[in-house]
Every structure is written in structure tokens, then in C-alpha cells.
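> A structural model of the following input is requested.
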Amino acid sequence: MEYMFRREPKEVPKVNTKNRKICTKIPVPESLEIIERSIKYEPWSMNNQLYAVWDKAIDYQVFDKWGNVWIDFSSGIFVTNSGHGNEDMVEALRKMIDKPLLNSYYYYLEERSLLSEQLVKMTPKNLDMAFLLTTGSETTECALKLCRIRGMKKSPRKVVMLSFLGAFHGKTLGAQTMAGKPSSWEWIGTKDPNIYHLPCPTNAFESMDQIYDEECGRKVFNEHIEKMKADGIDFDTIAGAILEPYQGWAALFYPIGYIKALREFLTVHDALFVSDEVQAGFGRTGKMFGYEYYGIDVDIICCGKAVSGALPLSAVLANHEILDVDGSLNSTHGGSPLPVASALANLKYLEQENLVEKAKQKEKIVREKFNELKERFPDRVVSIHGFGLAFAAVVCKPNSNELDVELVDRVIERAFEKGLMSIRTMTGTIKIGPPLTIPNDALIEGMDIIIESMEEVVNESN
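Down below sits the predicted model:
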């Protein structure tokens, strides 16, 4: 059974620091009417998060109507890299509303042309075109389409797409088929036989040091090549491969040697390499794009979430030979005025404030604090994974490799009561992803709350 966060208001210790404030029962009694309305009229899938009713969010803090303030370690699930309510973005939105211009279909729009130009300037030189959409799932669907269009021009059989078990690429049909979670395939019925899942080459229960052993990574790739052969995959039918720079549920990066070998393999077989940067992109990992950790180039980049920093907008980045191939590559709301205005201001702010570099600097704080958590609970925290401000601690039941989903839920619930807004992975990992703008003192304070909450919950369970 899935753990249910407590909905009955509870007296909790009052908190009042520079970065957070808890001054009511939690959940707030007056908020229950709103919560119950959502539970009545929305599916349960929209009601399994912490019981906070957001009223406003500024930079790294979330506020409710009743005086409570949380340090946010979620960034709206890695959207608000430039901080919640970024004033540059708000001002850009005000200007667009005041025109007014709220919709433009895909007729010409100055701001859209400027955003596409800005995106191309921020990407490697081999990518010279941007296609704007609305959601991350649309971008991965588009990447699948682009790989197959190109492949089929070379041979009608060149349609196979490689992806990884454990990865996540979205919730639409093609995106979820490429995603490597068998439990999410049940509704699909007949699966696409031309989407092949490679095993995840990273062991979540081992140290992150494994990714640096290049020789070992190449050896694992060769083993997976043999498995593909045994499964009857004709390498010349491969149109492309899609990779998340890290698997989000546990911030799992891949062995560098493995990814280099995969890039070489795809080049030999004239197939495209797609990096799904929807979660990793725009500084989250301490690099502009997460795939840069592997020292390779890619052919297509899928962007979402942090590209606009607030509103629904996504982008596919590629060169014109790959992207400018099909008249159906347009979208009713892709590149809509308000998201475009937000995104353009967001990307300029990201550059001006050096947020990519700042995320890399803050990595040291997170790593040290998570290592402290691991030292305190060596029988519970089995490994730490991540770069920049994308990290996760893998939490298991004592003396086993069974992920302890309920313990993690209880920890983030306790942290919530203390003024920390966390990400619920529902997989047994404590995952963090604060805005890249978060001050060091708030980052340290939030990590200390996690350690304190873990201490309390583990002691209560013993």
C-alpha cells in the first residue's frame, strides 16, 4: 500500500528562521477545504503530494496564505532553476499581457524568433535550429519521429530506437514506450517492437565512483551489444538512441566509458544520439546540459521544464538537416507569447547570473551533507548520486537492497512539518533539486532538516 501523508492537522514545533516559518498546525486546518475540493474533483494522481496549498513562491521559498514559509527543494520538479517568481520573467510577462498578446498560433512573433536564436546560441555549434513545443513529452515524441524519418530515408527498415530500462521520457504513447518502466507499459497493449530497452548500466546501490571507470563502462557496453545480438537486433536497423543524462528517480549518471562507447557505436551505424535534457538541462547538473559530463556530442537535445523557468514551453534542438524535414512539425501552443516571453527572460537571467557555475559550486555543500547522512545511517543510506543541484540518496531497509519507500515518505513529511518542501519520488530515494539561486545558508539549513528528520523518523521506527 502507498503511504498516505497525514491529512489531519497536527501541532508541530513552531519555526521562525530567516529562510522558513511554521506558525500553524500542519496541514493548516483552514487549507483542508481547498485540499478536499481537489481530492473530490481531481484524480488521485493529482493528490499524492505534501498537503501544502501554495499561495505564492519567491526565489527559493514557498508561501501559503496562513503565514507558513518553506524552503523549496523541488523547484516545481526542476522547473524554476532561475528561482520562483523571477522578477525579470514577471516583468516580461507583464509587458506581453499589457500589449495585449496571449496567443499567436505559429504566425511570426518577434519574441519567438529571439528565443529560438537564444537557444541556438546556448547549444553546441553542430545544432543550429530550435523547434518550440509545450511539454517535455512532445519533445521526446518529436525526437523519435525525427530519428525514424532520417533512418527511413536511408532504409525502410531503419526504425529501431534504443532507450534504457529505468529511464523516464514522458507520459504520452511513444514517450512512455521509450521510458524504461515496465509497470507503465500495461495500458499500451501492443508495444512497438522497434523500441529496444538496454539494461541500466549503473547500479543504484553502489558508489557513484563506478561511473569514472572508463574501461569497466566500455566492458559493460560490449556485454549489452552481445545481448542485443542475442535478441536479434540488426544494428543497421537502428535509427537512434535516447538518453537521459541521469535517471531522475535516483540521480543516476551512467558510466562515462559506456556512453562514449554508445556514441561511437551509433556513429558507426549511422544512427542519431538524442539527449533528453527535460530534467537535466539549463544548469541543473552544474553544466548547461547534463550530457556534457560524458565528453561526447549529440544530434538532438530535448528541452522542457527549466527552459521557460515557469510556463509550459519545451524545445527540440538539432541541426537543420535533421529538424527541417516535415511540414507537420508545428504546434498550436508551441511558442505561445507568454511562455516565450518567460523563457527569453529566464535564459538571459541564467547567463547573466552565472547560475550554471553557481550550481556546480553548491554541489560541494549537498555532497558533504548527503555523505553526513550516509555516515549517520550506514544501514539505511546505501549510496549517494548526483551532480550540481540534482542529487538523491538511495534509502533501503536495513541489511538489504530493498528500497524503503515508506521511510523516505515519512522523512519528507517530517521535513515538511519543519519548513522544507521536498520531492516525492515514491521510489525510496531522497531527491533534492532546489532553485539554482538558493543561498548557501538556506541550502545548508534545508540539508540539515533532512538529516534531523531522518534521525527522528528512524528513532521512532526502532
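
> hey, let's count contacts and neighbours off CA atoms from now on
OK.

> With just CA atoms, put stretch 264-271 into PDB.
Output of stretch 264-271 as PDB, limited to C-alpha atoms (Å, rounded to 0.1, in the frame of the first residue of the first chain):
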ATOM      1  CA  GLU A 264      30.900   5.500 -31.200                       C
ATOM      2  CA  PHE A 265      28.600   2.600 -31.900                       C
ATOM      3  CA  LEU A 266      25.800   5.000 -33.100                       C
ATOM      4  CA  THR A 267      28.200   6.800 -35.400                       C
ATOM      5  CA  VAL A 268      29.400   3.600 -37.000                       C
ATOM      6  CA  HIS A 269      25.800   2.500 -37.700                       C
ATOM      7  CA  ASP A 270      24.700   6.000 -38.900                       C
ATOM      8  CA  ALA A 271      22.200   6.500 -36.100                       C
END
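
> how about the strands of the stretch 151-300 of the chain, start to end?
160-164, 195-198, 238-243, 246-247, 252-253, 272-276, 300-303 (DSSP state E, counting those that start in this stretch).

> Now tabulate the ones you listed in CSV and tack on mean pLDDT and distance to M447.
Below are those laid out as CSV (pLDDT from 0 to 100; distance: least, CA to CA, whole Å):
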stretch, mean pLDDT, distance to M447
strand 160-164, 98, 31
strand 195-198, 97, 34
strand 238-243, 98, 29
strand 246-247, 97, 22
strand 252-253, 98, 20
strand 272-276, 98, 28
strand 300-303, 98, 28
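
> looking at this, L407 is in a helix?
Yes. According to DSSP: H, G, I helix; E, B strand; the rest coil, L407 belongs to a helix.

> Could you count how many residues lie near it?
22 (other CA atoms under 10 Å).

> Who are the contact partners of it?
Each residue near L407 by CA atoms under 8 Å, 6 or more residues apart in numbering is listed here: G428, V457, V458.

> hmm, back to that, now for the strands of the stretch 151-300 of the chain, which one comes closest to N330?
Closest to N330 of those is strand 300-303 (CA to CA; 15.5 Å).

> For that closest one, which strands pair with it and how are they oriented?
strand 272-276 (parallel), strand 314-318 (antiparallel) (DSSP bridges).

> Now render the ones you listed as TSV, adding mean neighbour count and distance to V298.
Shown next, in TSV, are the strands paired with strand 300-303 (neighbours: other CA atoms under 10 Å; distance: least, CA to CA, whole Å):
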stretch	mean neighbour count	distance to V298
strand 272-276	27	5
strand 314-318	28	9
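
> Can you tell me which of the contacts of L407 has the most neighbours?
Neighbour-wise, those (other CA under 10 Å) top out at G428, 23 neighbours.

> The closest residue to that one other than its chain neighbours and P398, how far apart?
Using CA to CA, 6 or more residues apart in numbering and skipping residues adjacent in sequence, the residue nearest G428 is V405, 3.9 Å away. Distance of V405 to P398, given as CA to CA, to the nearest Å: 13 Å.

> same check, this time on M4
Counting by CA to CA, the separation of M4 from P398 is 22 Å.

> Looking at the two, which has the bigger crowd around it?
P398 (15 against 12).

> Helices along the stretch 101-250 of the chain, start to end?
110-121, 136-154, 173-178, 214-230 (DSSP state H, counting those that start in this stretch).

> now the ones you listed in TSV, with mean neighbour count?
Shown next, in TSV, are the helices of the stretch 101-250 of the chain (neighbours: other CA atoms under 10 Å):
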stretch	mean neighbour count
helix 110-121	17
helix 136-154	22
helix 173-178	22
helix 214-230	16
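
> is it possible to export the ones you listed to TSV including distance to Y293 and mean pLDDT?
Putting these into TSV (distance: least, CA to CA, whole Å; pLDDT from 0 to 100) gives the following:
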stretch	distance to Y293	mean pLDDT
helix 110-121	20	98
helix 136-154	21	98
helix 173-178	23	94
helix 214-230	13	97
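
> need those helices in JSON lines with distance to E321, can you?
Converted to JSON lines, those look like this (distance: least, CA to CA, whole Å):
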{"stretch": "helix 110-121", "distance to E321": "15"}
{"stretch": "helix 136-154", "distance to E321": "9"}
{"stretch": "helix 173-178", "distance to E321": "23"}
{"stretch": "helix 214-230", "distance to E321": "29"}
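
> Quick one, which of those gets closest to R20.
helix 136-154 (31.7 Å).

> so what does that closest one touch, helix or strand wise?
strand 160-164, helix 173-178, strand 238-243, strand 272-276, strand 300-303, strand 314-318, helix 320-323 (3 or more CA pairs under 8 Å, 6 or more residues apart in numbering; DSSP states H and E).

> and the closest residue to I449 other than its chain neighbours, how many neighbours?
Spatial nearest neighbour of I449, chain neighbours left out: A415 (6.0 Å); criterion: CA to CA, 6+ apart. The number of residues packed near A415 is 23, by other CA under 10 Å.

> Hmm, A415 is touching S453, no?
Yes. Applying CA atoms under 8 Å, one finds A415 in contact with S453, separated by 5.6 Å.

> returning to what we had before: the strand or helix carrying the residue nearest to I449: how far from the chain's middle?
A415 belongs to helix 405-417 when assigned by DSSP states H and E. Chain-centre distance of helix 405-417: 20 Å, with CA atoms, centre = their mean, to the nearest Å.

> could you point out which element follows that helix?
strand 420-421.

> C-alpha coordinates for the helix or strand following that following strand, CSV please?
Going down the chain from strand 420-421, the next helix or strand is strand 429-432, by DSSP H and E. The C-alpha trace of strand 429-432 is given here as CSV (Å, rounded to 0.1, in the frame of the first residue of the first chain):
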residue,chain,number,x,y,z
THR,A,429,15.2,7.9,-2.7
ILE,A,430,15.5,11.3,-1.0
LYS,A,431,15.8,13.6,-4.0
ILE,A,432,16.7,17.3,-4.0
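
> For strand 429-432, the averaged confidence score.
Averaging pLDDT along strand 429-432 yields 98.

> And that strand, what's buried?
If you call a residue buried by 16 or more other CA atoms under 10 Å, then strand 429-432 has these buried ones: T429, I430, K431, I432.

> Next: stretch 34-54.
Applying 16+ other CA under 10 Å to stretch 34-54 flags I35, Q49, L50, Y51, A52, V53 as buried.
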